[in-house]
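Colleague: dropping a prediction and its sequence here:
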Amino acid sequence: MSIEQDLAVIAEQEAKLVFPAFDTERALSLGLRLRQMALARQAPVVIDVSLVSMPLFFTALAGATPDNPHWVRRKRACVFRFFRASYGVGLSLKLKGSTLAETFGLDDADYAAHGGSFPITLAGAGCIGAVTVSGLPQRDDHALVTAALAEELGLDPASLALPG
């Protein structure tokens, strides 16, 4: 797996994981789907589904740490700043040998370009929120989120999975 391969798949995910409509019921459904997937994997994660304007779903599973909600906040801020998956932002910066601070003047205390937060994109409107997971290695956080989004949208998660 190369950074370029991951970035190509992430671009495809961002193009295809788009909701025709999104409301509080859809947020609950997505959050509960993610929770069930994480429980099945015994993943010690925090899960957050938020609109730009307010949180809609939050849960912490066994083994999650007090740091995980802070990672969620920082990854979500990255999505809200760039309207892109936080993992994609981080990989793009890695390719350039740069950081959020160097390229954009963004403080690491407020932003994290690490995998696990993905835009909630509404067809015809763009990014209206983010779904975020923290607690696993960043590539696994990203994979969990995108698999749940694919299932929620009735798409095959395997067809949108990162390589390797």
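Modeller: Done, it's in.

Colleague: any idea of the mean pLDDT in the longest helix along the chain?
Modeller: Longest helix in the chain, counting residues (DSSP state H): helix 24-40. Per-residue pLDDT values across helix 24-40 average out to 98.

Colleague: buried residues in it?
Modeller: 26-27, 30-31, 33-35, 37-38 (16 or more other Cβ atoms under 10 Å). All C-beta atoms are positioned from the backbone trio N, CA, C, and that covers glycine.

Colleague: stretch 2-20 too?
Modeller: For stretch 2-20, using 16+ other Cβ under 10 Å, the buried residues are 6-7, 9-10, 13-14, 17-19.

Colleague: now tabulate those in CSV and tack on pLDDT and secondary structure.
Modeller: Putting those into CSV (pLDDT from 0 to 100; DSSP: H, G, I helix; E, B strand; the rest coil) gives the following:
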residue, pLDDT, secondary structure
6, 96, helix
7, 97, helix
9, 98, helix
10, 98, helix
13, 98, helix
14, 98, helix
17, 98, coil
18, 98, strand
19, 98, strand
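
Colleague: if we can go back for a sec, among the buried residues of helix 24-40, which one lies nearest to residue 61?
Modeller: residue 38 (5.7 Å; Cβ to Cβ).

Colleague: what separation is there between that closest one and residue 31?
Modeller: 11 Å (Cβ to Cβ, to the nearest Å).

Colleague: mutual contacts of those two, please.
Modeller: Here residue 38 and residue 31 share the contacting residues residue 47, scored by Cβ atoms under 8 Å, 6 or more residues apart in numbering.

Colleague: closest to residue 66 among the buried residues of helix 24-40?
Modeller: Among these, and counting by Cβ to Cβ, the member closest to residue 66 is residue 38, at 17.8 Å.

Colleague: what about the closest residue to the closest one other than its chain neighbours, how many neighbours?
Modeller: Of all residues not flanking residue 38 in the chain, residue 45 sits nearest, at 5.1 Å (Cβ to Cβ, 6 or more residues apart in numbering). Per other Cβ atoms under 10 Å, the neighbour tally for residue 45 reads 28.
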